[in-house]
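Visitor: I'll drop the sequence and a predicted model, then ask my questions.
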Amino acid sequence: MYPDLSYIFHDLFGTPVDGGLSLIKTFGLLLVTAILTAAYFLNKELKRKAKEGLFDPMPVKIIEGKGASRGEVISNAIWGLVLGLKIPHVITNYDEMLQEPSGVLLTLQGNWGLAIVGALIFGGFTYWQGQRRKLPKPKETIKNTYPNDLIGPITIIAAVSGVVGAKVFAIIEDLPAFFADPAGMFFSGSGLAIYGGLIGGFLGVGYYLRRKNIPMIHVLDAVAPALIIAYGVGRLGCHFSGDGDWGIAHLAAVPDWWFLPDWLWSWDYPRNVINEGVLMEGCTNRYCHRLAEPVYPTAFYETMMAFAIFGLLWFLRKRISIPGMLFFIYLMFNGFERFWIEKIRVNIKYDFAGMQVTQAEIISVILFLIGVAGVVILWQRNSGKKEEIDTGTK
């Protein structure tokens, strides 16, 4: 496994582990990659739909020569404050930073003198730059924009609200651990419930789109392929970091007919990022544990299924003309995939209607049923409209 980038470079180039590259965690790196991948495909689909005339242009007022606003000056001053506070602190506590970045970054400790200097420099420079471009009479222009022009804020809102939602659902799933260490659990890099991220991102972006008067139904169709491929990339982060998102014990020997790598049959996740299991003999690095029994590599299974679903949705996206249909198909496949993977996946179980179920199983069933209902309703409505056209009725 590769808890951070230093382990990847060690295997590729023989560089030492736990060096400067250890600051870049594999899970976080692939999480960012997943967000950027989703943004790329969402942008492509929004552009295509805009060309098809599915989105009305949104006039935006642009004022040139106005100078820096108070908000710009303050926000940049805050950045200067943070950098001045933390950069010297990171340098003087470098070894501690390598071991536990959150313990160094997520505190108020640092050089407050340099923090004030940094705030004055950043804020003052922003103000000066604004004065340079300021015109005697600011010029106002109107520019037509489309949803794809807002891909930046949409991505940021989806990422922030998604991570918060993922954390909230993970906390709900294990409240005793949260009450034992609230700050540690909330700010840790592990412990993200994917369905919480999906729901949180949906609510955040939905609120933003509503404020901008952008039709939600076409954006949902555009985002469906982006969501599932981002899910697959994110699961790669779970797998290669060994964040605990693995399956139950799989002790059966690899059969003769198995033609894939043995680790796809079962794996013991050596050097997993949460240090779960037994100590590895001769290991002296920070991550020296492997599981006592090999397990199903369920995160990688989900990656393969997510990529397959993405391929299907990408194929269907130009062949389905009913607005909203592609998104409901996505919900069906998402729920179906996650429900069955839970059967061989380690997770907290609850008593529900006389059964032992996981949080993800409950949500996956709900999503699947919503998907089925949505497909049926949209199909019936579209069939009714076709019948009216064919018969000449209104």
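Guide: Perfect, I can see it now. Numbers count the residues shown, from 1 in each chain.
Visitor: show the subsequent helix or strand relative to the least confident helix or strand in the chain by mean pLDDT.
Guide: In the chain, the helix or strand scored least confidently by mean pLDDT, DSSP states H and E is helix 182-187, which has a mean of 60. Next helix or strand after helix 182-187 toward the C-terminus (DSSP states H and E): helix 194-211.
Visitor: not counting that following helix itself, show me its contacts.
Guide: With C-beta atoms under 8 Å, 6 or more residues apart in numbering as the test, helix 194-211 has contacts from 147, 153-154, 157-170, 172, 216, 219, 223, 227, 231, 234, 338, 359-360, 363-364. (Each C-beta comes from the backbone N, C-alpha and C, glycine too.)
Visitor: which ones among those residues are found in helices?
Guide: Counting by DSSP state H, the part of the contacts of helix 194-211 found in helices is 153-154, 157-170, 172, 216, 219, 223, 227, 231, 234, 338, 359-360, 363-364.
Visitor: which residue ranges make up the domains of this structure?
Guide: Under the assignment automatic domain parsing, the domains of the chain span 5-61+146-154+216-391, 67-134.
Visitor: may I see those domains organised as CSV, with mean neighbour count, distance to Gly200 and mean pLDDT added?
Guide: Formatted as CSV, the domains of the chain follow (neighbours: other C-beta atoms under 10 Å; distance: least, C-beta to C-beta, whole Å; pLDDT from 0 to 100):
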stretch, mean neighbour count, distance to Gly200, mean pLDDT
domain 5-61+146-154+216-391, 17, 13, 91
domain 67-134, 15, 21, 86
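Visitor: so which residues of the stretch 51-200 of the chain form helices?
Guide: For the stretch 51-200 of the chain, the helices defined by DSSP state H, counting those that start in this stretch cover 70-92, 94-99, 101-105, 112-133, 151-173, 175-180, 182-187, 194-211.
Visitor: those: which one's closest to Asn382?
Guide: Smallest distance to Asn382 across the helices of the stretch 51-200 of the chain (C-beta to C-beta): 23.4 Å, for helix 194-211.
Visitor: go through the closest one and flag the buried ones.
Guide: Within helix 194-211, the residues scored as buried using 16 or more other C-beta atoms under 10 Å are 194-202, 204-205, 208-209.
Visitor: closest one of those to Gly124?
Guide: Once C-beta to C-beta is applied, the member of those that ends up nearest Gly124 is Tyr208, at 32.3 Å.
Visitor: distance of that closest one from Gly152?
Guide: Applying C-beta to C-beta, to the nearest Å, the value for Tyr208 to Gly152 is 12 Å.
Visitor: for Arg286, same thing?
Guide: For Arg286 relative to Gly152 (C-beta to C-beta), the value is 36 Å.
Visitor: number of nearby residues for Ser161?
Guide: By the criterion of other C-beta atoms under 10 Å, Ser161 has 21 neighbours.
Visitor: do you know how far the closest residue to it other than its chain neighbours is from Pro153?
Guide: Closest residue in space to Ser161, ignoring its immediate chain neighbours: Gly204 at 2.8 Å, by C-beta to C-beta, 6 or more residues apart in numbering. With distances taken as C-beta to C-beta, Gly204 is found 11 Å from Pro153.
Visitor: repeat that for Phe9.
Guide: Per C-beta to C-beta, Phe9 is found 34 Å from Pro153.
Visitor: ditto for Ile363
Guide: Using C-beta to C-beta, we find Ile363 at a distance of 27 Å from Pro153.
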